[in-house]
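*Asks:* next one to model:
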Amino acid sequence: MNTNSLDTRLEDIQTALKQKGYRLTSSRQTIVEALLTCGGHITADGLLEVVHEIDQTVGRMTVYRTLELLSELGLIRPVYQGTGAAHYILLDRGHHHHLICSGCDAVIEFEECGLQEMGQLLAERFNFMVEGHLVEFYGRCQNCQ
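*Replies:* Down below sits the predicted model:
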């Protein structure tokens, strides 16, 4: 993620927190920056390691509470792959797509999307304003086939 998009995402997250009455404390900012820098496909323990490279004083529970808060606000989402720990993904506005390998837990992101029509149909049918979607396909990557 380049610096401009990192700054924009950080501002978006700060705005979302502020709208819900939360502050972007220095610890939260460190956690969010680490999450953004690593692309958002990371476990809580993996994130803690990245955070500790930046600031050793941020505690494990602060990381877990921040992930929980960001999840409640719809900014990230836990993805449970196999029997391992949750990987947290950043949710962009619009859509987000993954291929998830059930053999090695690899996550491949892809942009192709043919769901706009379905979103419009669902919006009309259920009087629902679609803001985005997340699609996950599970299977075996080339290395695990």
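
*Asks:* distance of D55 relative to V79?
*Replies:* 26 Å (Cβ to Cβ, to the nearest Å). Using the backbone N, CA and C atoms, a C-beta is placed for each residue, glycine as well.

*Asks:* which one's more surrounded, those two?
*Replies:* V79 (16 against 13; other Cβ atoms under 10 Å).

*Asks:* confidence score at that one?
*Replies:* With respect to pLDDT, V79 scores 80.

*Asks:* helices along this protein, start to end?
*Replies:* 3-19, 26-37, 44-54, 60-72, 116-126 (DSSP state H).

*Asks:* tabulate those (a markdown table), appending mean neighbour count and mean pLDDT.
*Replies:* Compiled in a markdown table, the helices of the chain are given as follows (neighbours: other Cβ atoms under 10 Å; pLDDT from 0 to 100):
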| stretch | mean neighbour count | mean pLDDT |
| --- | --- | --- |
| helix 3-19 | 13 | 83 |
| helix 26-37 | 19 | 94 |
| helix 44-54 | 16 | 96 |
| helix 60-72 | 16 | 95 |
| helix 116-126 | 11 | 90 |
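
*Asks:* and A85, which of the ones you listed is closest to it?
*Replies:* helix 44-54 (6.8 Å; Cβ to Cβ).

*Asks:* who's sitting farthest from the centroid in the chain?
*Replies:* Largest separation from the mean C-alpha position in the chain: R125, at 28.7 Å (Cα atoms, centre = their mean).

*Asks:* for it, give its distance to A86.
*Replies:* 32 Å.

*Asks:* good, we can wrap up now.
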